[in-house]
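Q: Turn this into a model:
(chains A and B)
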Amino acid sequence: MPPAGIFGLGRSRGSCVKSLLPILTVIGAILLVWVVAVVPMNMHLTADQAQRDGLVVSPETPAERQVHSGLGLTLKNPALMRLTYNLERPRLPSPHQVGAEMWDTIFAKKITSRRSLVYHGWVTLSATLLGFAIGTTLGILLAVGIVYNKAMDMSVMPWAIASQTIPILALAPMIIVMLGAIGIQGLLPKSIISAYLSFFPVVVGMVKGLRSPDGMKLDLLRTYHASPAQGFWKLRLPASVPYLFASLKIGISASLVGAIVAELPTGARAGFGARMLVGDQYGQPMVTWAALFAAAITAAALVGLFSALERLTLRRMGMAAA
Amino acid sequence: MTVVSTTGLNLTFQTNDGPVHALKDVNLDIAKGDFVSFIGPSGCGKTTFLRCIAGLETPTGGEITVNGMTPDEARRARAYGYVFQAAGLYPWRTIGGNIKLPLEIMGFSKSEQADRVKRVMELVDLAGFEKKFPWQLSGGMQQRASIARALAFDADILLMDEPFGALDEIVRDHLNEQLLQLWARTEKTIGFVTHSIPEAVYLSTKIVVMSPRPGRITDVIDSPLPKERPLDIRDTPEFIEIAHRVRDGLRAGHVDD
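A: Just a heads-up that it's a prediction; the model follows:
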């Protein structure tokens, strides 16, 4: 039997509240580091801007200022600190700038607008979900093959592992260009890269899951003279469900990464990846950061969704305490 | 009528440390309705012998028939129910669902399945627990459910491999008593592996004492105890005398070491 943790035992409403405090503490610490880092990161740009606006800055020329570190320059010009948080094109945007950009592009724009993050999110999400479906199906089929076919058992896994050692950043443009050459464009090429990343955890988890029934449970079926198909549907498949969910949670986030990576090197015009690229190329860091955070929130939501699905399923299967 | 018959049965496992002689020249007949216990220290081949009867191991020499067939044919004909050391219930099935498992596999109709589940659950005193999941039951109850599962499809032979080995003494006594009642009611032939002398003597009509390296039979005792056995029969002189003989047989096997 898999360890109890896989079944999600021991969760309760009380522990939910208790786990909130550590989470908030970590978020607070990250925000604090971020807020403090904004000052030295942006100080050179702030000093240049302040000088153009007629303020007195020390040292007086940009070349001289370059000699100083961000921190050194801050100590020389403490009065400029407040201005570092409100640059139009900062090196490191402050939290409230990113927040404002996200609010503006998620809630204040029509979702059909090309400036809406919801629109771009859906573009990436649709590729993610399609790729995840392809990858999961492929992963399960490969795992079944590995468990039931000796030749596949010996041959598939090394290739599956090798496939994951190739940097996806190198592979993505090649796949997209090649598929483009044969007329396949749009959603599918991105989904294939998503599938490429997400099939692997499913294969590994499902092979382990399908092989999890011990000798005694298999012998029991032999005493009933059960067919291999009965062994699969009645024993191996249900036994693999907890393992499948563990894999799906890794797979869905890998899928999202795959879709974003697929958008980056190919000049995609929509999607989280495209927004990150646009922000980078046109010097709009807020756009990049807003897309980054939106992608992270999307990934968290997807994983959360599968966690909930896992708890629900295992409870219904009787493998977790109600 | 002979249900299980072996002559000159041999089984040698090939391991990395060379061949292991698990069974050597085993001759035994089990008659219909017998309750046969196999007792001996670990490594004496008692479980291996039970698995040979079940067709889960293939002997390397000698003859064995089950209901007049080879063990493999008997297995295909679903001649026996097997109870393992652990209950081995599927955690995703209710108790009723677990007992239904062999019935589903063997293709019984839905209504027949429901009838049989109800009947065997009453037989092992688990009525009312049909909808519970295994983790909601105690170890003894789980093992009773696994016995019900083995009884559900009406095989004439019940093979039990140390079914109560993991349970505490009090639960074990209770289950032994219940098992005897069940045996009396169903008139099945039972093969029962154990390493407890009182358990073997209390349950059996025939006690097969085995010893290891190579696994072989050192003594076969036909019990003179009556079929009706309350728990306190264990304090009678007859009982103690048989227990003595079993212990002597076990000790004799160890002289070879």
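Q: Excluding sequence neighbours, find me the nearest residue to B:E57.
A: Computed as Cβ to Cβ, 6 or more residues apart in numbering or on different chains, the closest residue to B:E57 that is not its neighbour in sequence is B:R51, at 4.3 Å. C-beta: built from backbone N, CA, C; applies to glycine.
Q: Could you list the buried residues of stretch B:234-248?
A: Under the neighbour-count criterion of 16 or more other Cβ atoms under 10 Å in any protein chain shown, stretch B:234-248 has B:R234, B:F239, B:I242, B:A243, B:V246 buried.
Q: for those, which one is nearest B:A200?
A: Relative to B:A200, the closest of the buried residues of stretch B:234-248 is B:V246; by Cβ to Cβ it sits at 6.4 Å.
Q: what about the closest one, which helix or strand?
A: Assigned by DSSP states H and E, B:V246 belongs to helix B:237-254.
Q: Does anything pack onto that helix? Which helices or strands?
A: Secondary-structure packing of helix B:237-254 (3 or more Cβ pairs under 8 Å, 6 or more residues apart in numbering or on different chains; DSSP states H and E): helix B:197-203, strand B:206-211, strand B:216-222.
Q: domains for chain B, by residue range?
A: B:1-79+B:157-168+B:188-257, B:87-154 (automatic domain parsing).
Q: Return the most buried member of the helices and strands packed on helix B:237-254.
A: Highest mean neighbour count among the helices and strands packed on helix B:237-254 (mean count of other Cβ atoms under 10 Å in any protein chain shown): strand B:206-211, with a mean of 24.
Q: Okay, now the sheet partners of that one, with direction.
A: Applying DSSP bridges to the sheet, strand B:206-211 is found paired with strand B:35-39 (parallel), strand B:216-222 (antiparallel).
Q: mean confidence for that strand?
A: Regarding strand B:206-211, the rounded mean pLDDT is 92.
Q: centre of the chain versus that strand, how much separation?
A: 13 Å (Cα atoms, centre = their mean, to the nearest Å).
Q: Now do it and helix B:237-254, the angle between them.
A: 30 degrees (axes from the mean of the first three to the mean of the last three Cα atoms, to 10 degrees).
Q: circling back to that earlier point, the domains of chain B: lowest mean pLDDT?
A: Least confident of the domains of chain B, judged by mean pLDDT, is domain B:1-79+B:157-168+B:188-257 with a mean of 89.
Q: For B:V117, grab the count of nearby residues.
A: 22 (other Cβ atoms under 10 Å in any protein chain shown).
Q: Run through the residues that contact it.
A: Neighbouring residues of B:V117 by Cβ atoms under 8 Å, 6 or more residues apart in numbering or on different chains: B:G96, B:I99, B:K100, B:L103, B:E130, B:A152.
Q: In JSON lines: the strands paired with strand B:206-211, plus distance to B:Q181.
A: Output for the strands paired with strand B:206-211, formatted as JSON lines (distance: least, Cβ to Cβ, whole Å):
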{"stretch": "strand B:35-39", "distance to B:Q181": "12"}
{"stretch": "strand B:216-222", "distance to B:Q181": "22"}
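Q: And those: which comes nearest B:G18?
A: strand B:216-222 (18.8 Å).
Q: What are the contacting residues of the closest one?
A: Applying Cβ under 8 Å, 6+ apart, the external contacts of strand B:216-222 come out as B:23-28, B:44-45, B:205-211, B:242, B:245-246, B:249-250, B:252-253.
Q: What of stretch B:60-78?
A: A:222-225, B:3-12, B:25-26, B:52-56, B:58, B:79-80, B:106, B:153, B:155-157.
Q: Highest neighbour count among the contacts of B:V117?
A: The residue in the contacts of B:V117 with the most neighbours, by other Cβ under 10 Å, is B:I99 (30 neighbours).
Q: Which helix or strand lies directly C-terminal to the strand or helix carrying it?
A: Using DSSP H and E, B:I99 sits in helix B:95-105. Counting by DSSP H and E, the next helix or strand C-terminal to helix B:95-105 is helix B:110-123.
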